[in-house]
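Asker: Compute the structure for the input listed below.
(2 chains)
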Amino acid sequence: MSLLKVSNIVAGYGETEILHGVSIAIEEGHVVTIIGPNGSGKSTLLKAIFGLIKPKKGQVLFQGKDITGLAPETVVRRGLCYVPQSSNIFPSLSINENLEMGAFIRTDDFRQRLEEMYLLFPDLAGRRKDRAGTLSGGQRQMLALARALMLDPALLLLDEPSAGLAPSMVGSVFEKILGINRSGVAILLVEQNAREALKLSSWGYVLASGRNQLEDRGENLLNNPDVARLYLGG
Amino acid sequence: MTTTSPRTQRLIPKWNASYSVVAGFLILLILGFFSIIKLELMVNGLFLGAIIALGAISLSLIYGILNFAHLAQGDFMTLGAYIALFLLGTLLPRLGLEGAGLGPFTFGYPVFIALPLAILAMAAIAIGLDVTIYRRLRRRGVSKVLLAMTSLGLAIALRGAVQVIWGGDTYQYPRLSKEFYQLSMGIRIPPDNLFIGAMTIVLVVVLYLFLTRTRIGKAMRATSDNMDLARVSGINTENIIKWTWALSAGLAATAGVFLAIFQAQLLPIMGWRLLILLFASVILGGIGNLYGALVGALIIGVAAEVSTQWLNPAYKIVIAFVIMIAALLIRPKGIFGVKD
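Answerer: Model (predicted):
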């Protein structure tokens, strides 16, 4: 049984349909990347999975249970977390408060998890009381990851975690993602930086115009001349 | 304005704005010492400022979460004041709870029963109005302008309801006239104002602690920052919206009761008149910033009172706007307006 199984999702914004029947699956503990040109519906797919937009058709199964169309505040209780591409922190809250919000639905004592996050992201540890809005782009991305990890999810949905980062930061973000995966968290990754992302991935999907175009093992996609020409910049 | 690096901005900004406010008050004080302006007006302006501050903060809370100018906030104040009137003048006396002139104050102990009840009643009314009106519009994806226009209609409807129920006459809470405190330099302070000032300080501190120390308060700030991310984190934002209405309407009711005590009268138009000063304060302080709303309100309150030394009190509103516009020309985002 797949950890997450998305079948024939049709979704969009208002009248505009973006996804015309997309299917993907991810197994426990794996990294799966979705690549594709701008406007192919990658981010929309993540939003539809997480309930930020309601799918018109199709089904989302997580751990075998139907979560199609549930509200995001309900989906997060099922054990998957989502990091949006932009505005993925609470800028006027302190770094510590951002992490507390990540653990909002936890009723137990999560202080230990908090300290684990500060160990994993040492840049944040020294600035617990600072407003998150004062962080640099790379640090914001780290905080966004840490916020989502507070629940210790089985699956993490990441929307372009390297977007807008200085090239020097991109590597360290991917390193963190790899580290998170090694700790047992499955990761569904949407990336512009397709080459880096596919290197980490056991499986990859290519979306185009809101439809599945191709899927294969990560390394096969990397070595596929058509994919290289169209999506990996030659 | 000179541009500063992000680093210096982080270290200093909050405080240099505060310093300029403190400096402004000091200049006024010095002017007062040389009898150029009446200190008495200044001091009592601070108390009017405290009432405006409660209203301005209540307005900012709604703006922070729902992102629209809630034009019925002034009439929430009015309705809160009239609910307290019903309790103090009608219901509580029938239960044998009656009194005026407690200690140095004009009002009696029943205010301490009526005020919490008026707060609860307004909180319930606000949640009811959200569920029946605003939530429906939100779900249809109505624009912010339309929400503001709806609230304008609600403002007129609420004022109309007050007029239908209580009539257009002026009322007072049961009161006994009391001597003012006489301070040096010809300053006279009605004891009621000290009560209003002290209560405002308590409420602002409690609100601050609520927003920074409690789980719901933090979730409220998170929702105000980014509603989608709040939902993704598991926060039920519809509940947060209810909390916000309750808190905001409770503060508005308090401001309304204080205004009725401060002016020693109730009028159906009292809150609507003050609404303009609330907006001036919020904009002066920096939209969406509660700290800014508080400081903006104190400045507007003092300026409005001091202006009556030379001008007809009817021009208070004009003075408030002149100050607001002058300040915005220097700091376009308001005194404390910093946006990420």
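Asker: pLDDT below threshold where in chain A?
Answerer: A:233-234 (pLDDT under 70).
Asker: Okay, and the beta partners of residue A:214?
Answerer: Counting by DSSP bridges, residue A:214 is bridged to residue A:206.
Asker: tell me the contacts of it?
Answerer: Taking Cβ atoms under 8 Å, 6 or more residues apart in numbering or on different chains as the definition of contact, the neighbours of residue A:214 are A:205-206, A:221, A:224, A:227. From N, CA and C alone the C-beta is placed, and that goes for glycine too.
Asker: Distance check, the residue nearest in space to the middle of chain B against chain A.
Answerer: By Cα atoms, centre = their mean, chain B has its centre lying nearest to residue B:55, at 1.5 Å. In this structure, residue B:55 and chain A are separated by 22 Å, where distance is defined by Cβ to the nearest Cβ, to the nearest Å.
Asker: in which helix or strand would I find that residue?
Answerer: Assigned by DSSP states H and E, residue B:55 belongs to helix B:39-66.
Asker: do residue A:187 as well
Answerer: strand A:186-190.
Asker: Point out the other helices and strands that whichever helix or strand comes after that strand packs with.
Answerer: Per DSSP H and E, the first helix or strand lying C-terminal to strand A:186-190 is helix A:194-200. Contacting helix A:194-200 under the criterion 3 or more Cβ pairs under 8 Å, 6 or more residues apart in numbering or on different chains; DSSP states H and E are the following elements: strand A:31-35, helix A:167-182, helix A:218-223.
Asker: Go through helix A:194-200 and flag the buried ones.
Answerer: Applying a neighbour-count criterion of 16 or more other Cβ atoms under 10 Å in any protein chain shown, one finds A:194, A:196-198, A:200 buried in helix A:194-200.
Asker: and which of those is nearest to residue B:65?
Answerer: Each of the buried residues of helix A:194-200 was checked against residue B:65 using Cβ to Cβ; the closest is residue A:197, at 36.3 Å.
Asker: List the residues that contact the closest one.
Answerer: Contacts of residue A:197 were listed using Cβ under 8 Å, 6+ apart, and they are A:33, A:35, A:174, A:189, A:191, A:204.
Asker: Next: residue B:247.
Answerer: With contacts defined as Cβ under 8 Å, 6+ apart, residue B:247 is in contact with B:58, B:61, B:123, B:207, B:210.
Asker: can you put the helices and strands packed on helix A:194-200 in CSV and add mean neighbour count and distance to chain B?
Answerer: Below are the helices and strands packed on helix A:194-200 laid out as CSV (neighbours: other Cβ atoms under 10 Å in any protein chain shown; distance: least, Cβ to the nearest Cβ, whole Å):
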stretch, mean neighbour count, distance to chain B
strand A:31-35, 26, 19
helix A:167-182, 15, 17
helix A:218-223, 17, 27
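Asker: From what I see, residue B:118 and residue B:91 are in contact.
Answerer: No - in terms of Cβ atoms under 8 Å, residue B:118 does not count as a neighbour of residue B:91; the distance is 11.2 Å.
Asker: more crowded one of the two?
Answerer: residue B:118 (26 against 15; other Cβ atoms under 10 Å in any protein chain shown).
Asker: what does chain A put close to chain B?
Answerer: Residues of chain A lying near chain B by Cβ under 8 Å from any Cβ of the partner chain: A:50, A:52, A:71-73, A:76-77, A:81-82, A:84, A:87-93, A:97, A:100-102, A:104-105, A:130, A:133-134, A:147, A:151.
Asker: ChimeraX command for the buried members of these?
Answerer: ChimeraX command restricting the residues of chain A next to chain B to the buried ones, with burial defined by 16+ other Cβ under 10 Å:
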select /A:50,52,72,73,76,81,82,84,88,89,90,91,92,93,97,100,101,102,104,133,134,147,151
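Asker: tell me which strands and helices the helix or strand where residue A:47 lies is in contact with?
Answerer: Residue A:47 belongs to helix A:42-50 when assigned by DSSP H and E. Applying 3+ Cβ pairs under 8 Å, 6+ apart, one finds that helix A:42-50 contacts strand A:4-13, strand A:16-26, strand A:31-35, helix A:72-75, strand A:80-83, strand A:155-159, strand A:186-190.
Asker: Which of those sits closest to residue B:138?
Answerer: Proximity of the helices and strands packed on helix A:42-50 to residue B:138 was assessed by Cβ to Cβ; the nearest stretch is helix A:72-75, lying at 15.9 Å.
Asker: ok, now how distant is the most centrally placed residue in chain A from chain B?
Answerer: Relative to the mean C-alpha position of chain A, the nearest C-alpha, by Cα atoms, centre = their mean, is the one of residue A:158, at 1.3 Å. Distance, residue A:158 to chain B, using Cβ to the nearest Cβ: 12 Å.
Asker: isn't that residue right up against residue A:193?
Answerer: No - here residue A:158 lies out of contact with residue A:193, judged by Cβ under 8 Å, at a distance of 11.7 Å.
Asker: returning to that earlier point: so which of the buried residues of helix A:194-200 comes closest to chain B?
Answerer: residue A:197 (21.5 Å; Cβ to the nearest Cβ).
Asker: Name the nearest residue to that closest one, sequence neighbours excluded.
Answerer: residue A:191 (3.7 Å; Cβ to Cβ, 6 or more residues apart in numbering or on different chains).
Asker: roughly how far apart are that neighbour and chain B?
Answerer: With distances taken as Cβ to the nearest Cβ, residue A:191 is found 19 Å from chain B.
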